[in-house]
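>>> Okay, structure incoming, though there's no sequence with it:
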């Protein structure tokens, strides 16, 4: 009887903790692991010590302030990959809506549309960013 009560209490606490954690992660802050070298040297990756472990630098990102925050050139942002909404990318903000940017390796000038921005990785040699998929929509 005593072990059954203990297991019930443990289950309730585990479920409550998981629900609180999901709510905090969904609404307020999230932790992302840097997995590639596109933001090197700002963020670094390291080999995992065992399978499934987190690799590289960890980034804590606030979610609740996005409505009020004024983004600036040079800010590092986390956003959903345009080709896979389950994957987050970390890049540097290069151009804001209404600004003009010269597309790298081209003489073409592009005006960033309203509600969009241009992002690039610090390590341009191996970064999948706006040079590949164009301006991203502000989420």
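Yep, it's here. Keep in mind the model is a prediction, meaning the values are calculated, not measured.
>>> I figured residue 29 hits residue 78, correct?
No - here residue 29 does not reach residue 78: they are 11.2 Å apart, not a contact under CB atoms under 8 Å. (Glycine included, C-beta is placed from N, CA and C.)
>>> which residues are in contact with both of these two?
By CB atoms under 8 Å, 6 or more residues apart in numbering, residue 29 and residue 78 have these common neighbours: residue 61.
>>> Output the below-cut-off pLDDT ranges for the protein.
1-2, 25-26, 46-55, 63-68, 139 (pLDDT under 70).
>>> Tell me how far the longest strand anywhere in the chain lies from the chain's centre.
Identified as the longest strand of the chain according to DSSP state E is strand 84-95. Relative to the centre of its chain, strand 84-95 is centred 6 Å away, using CA atoms, centre = their mean, to the nearest Å.
>>> what does it contact?
Against strand 84-95 from outside (CB under 8 Å, 6+ apart): 32, 34, 38-39, 42-43, 59, 71-81, 101, 112, 117-122, 127-130, 135.
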